[in-house]
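Chemist: below are the sequence and a predicted model; questions follow.
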2 protein chains.
Amino acid sequence: MARSGKGLLHGTLDTLILRTVSEAPRHGYAIARWLEERTDEAIRVEEGSLYPALYRLEKQGLLRSEWGRSELDRRAKFYHLTENGRQRLAAETRAWSEFSEAVSRVLRPG
Amino acid sequence: MARSGKGLLHGTLDTLILRTVSEAPRHGYAIARWLEERTDEAIRVEEGSLYPALYRLEKQGLLRSEWGRSELDRRAKFYHLTENGRQRLAAETRAWSEFSEAVSRVLRPG
DNA sequence: ACGTCTTGCCTAGACTTCCTAGGCAAAGGC
DNA sequence: GCCTTTGCCTAGGAAGTCTAGGCAAGACGT
């Protein structure tokens, strides 16, 4: 219950971020909040994981960012998907469902 | 398309191993084969990940091992679950399904 | 007899990712 | 004046996985 068990987030965080930004450009803080809210706190994104991840994704050309103003009119960096990002998201989503299917199959009793 | 995407295995490998051994005691090599076969190669366990993981799990008291003879009558180390291991497997299985549910919910279109 | 493939175990080192634990700044409420 | 919230960032450590090796014994073909 709540808070992703240990290292489970590993490898999926990037994909979750891409997905979060795929709906609409969002800034880092909002990404974390959205993921937590969307998953009823099952997934909690630490800032020490989030910001490095955003940097990574931008460096890989999957995201692009520009400074703007948040809903509360504060300085915030907004990220949006690039075309590469969109393709990567699609690929990773497929990979996830395959992987997740496989793990579930193994874990399933019987 | 086969082979667990990058870092996805992270965190789940231990659980998969516990599960594999929960049916019957198995040796390392057989564990890897069984997981691959069971998942149609979707999950491939490298030996460099497997053996350290087995060591870890035994050190944590979740597995216990003894030397024996494989089906082909070769020297092999068989692992079986301890009581702690069984409890951990149950807990991790729950954690996985929560996590997996959460991720799927995020990734799901719409 | 020889080489090669499969089974089977193990390790060192690099690599990646995540998290802990800080710091900084501005806005709002009390 | 102080504390909480929003918002971004970084350094350092911890942990897990993979690459790339090594070792040994049996099977199998030629």
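Modeler: That came in fine, so what should we check first? Numbers count the residues shown, from 1 in each chain, chains lettered A, B, ... in the order given.

Chemist: leaving out sequence neighbours, find the closest residue to residue A:38.
Modeler: Distance criterion C-beta to C-beta, 6 or more residues apart in numbering or on different chains; nearest residue to residue A:38, sequence neighbours excluded, is residue B:106 at 5.7 Å. (C-beta placed from N, C-alpha, C; glycine too.)

Chemist: hmm, that neighbour is touching residue A:13, no?
Modeler: No. With contact defined as C-beta atoms under 8 Å, residue B:106 does not reach residue A:13; the gap is 11.0 Å.

Chemist: where's the residue nearest to residue A:38, which helix or strand?
Modeler: Assigning secondary structure by DSSP states H and E places residue B:106 in helix B:83-107.

Chemist: what's the helix or strand for the spatially most central residue of chain A?
Modeler: In chain A, the C-alpha closest to the average C-alpha coordinate belongs to residue A:17, at a distance of 1.9 Å (C-alpha atoms, centre = their mean). Using DSSP H and E, residue A:17 sits in helix A:13-23.

Chemist: next one: the closest residue to DNA strand C within chain A from DNA strand D, what distance?
Modeler: Proximity to DNA strand C, evaluated over chain A using C-beta to the nearest atom of the strand, is greatest for residue A:48 at 2.0 Å. As for residue A:48, its distance to DNA strand D is 4 Å (criterion: C-beta to the nearest atom of the strand, to the nearest Å).

Chemist: alpha carbons of stretch A:21-37, as PDB, please.
Modeler: This file holds the C-alpha atoms of stretch A:21-37, laid out as PDB (Å, rounded to 0.1, in the frame of the first residue of the first chain):
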ATOM      1  CA  VAL A  21       3.900  15.100 -20.300                       C
ATOM      2  CA  SER A  22       2.200  13.600 -23.300                       C
ATOM      3  CA  GLU A  23      -1.100  15.000 -22.300                       C
ATOM      4  CA  ALA A  24       0.000  18.500 -21.900                       C
ATOM      5  CA  PRO A  25       3.200  20.300 -21.200                       C
ATOM      6  CA  ARG A  26       3.900  20.200 -17.400                       C
ATOM      7  CA  HIS A  27       6.600  21.400 -15.100                       C
ATOM      8  CA  GLY A  28       8.600  19.100 -12.900                       C
ATOM      9  CA  TYR A  29       6.800  19.700  -9.700                       C
ATOM     10  CA  ALA A  30       3.400  19.200 -11.400                       C
ATOM     11  CA  ILE A  31       4.600  16.000 -12.900                       C
ATOM     12  CA  ALA A  32       5.400  14.600  -9.500                       C
ATOM     13  CA  ARG A  33       2.000  15.700  -8.100                       C
ATOM     14  CA  TRP A  34       0.100  14.400 -11.100                       C
ATOM     15  CA  LEU A  35       1.700  11.000 -10.800                       C
ATOM     16  CA  GLU A  36       1.000  10.700  -7.100                       C
ATOM     17  CA  GLU A  37      -2.500  11.900  -7.500                       C
END
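
Chemist: anything in it near DNA strand C?
Modeler: No. Using C-beta under 7 Å from any atom of the strand, stretch A:21-37 stays clear of DNA strand C, with a minimum separation of 10.2 Å.

Chemist: mind listing what's buried along that stretch?
Modeler: Within stretch A:21-37, the residues that count as buried by 16 or more other C-beta atoms under 10 Å in any protein chain shown are A:21-22, A:25-28, A:30-32, A:34-36.
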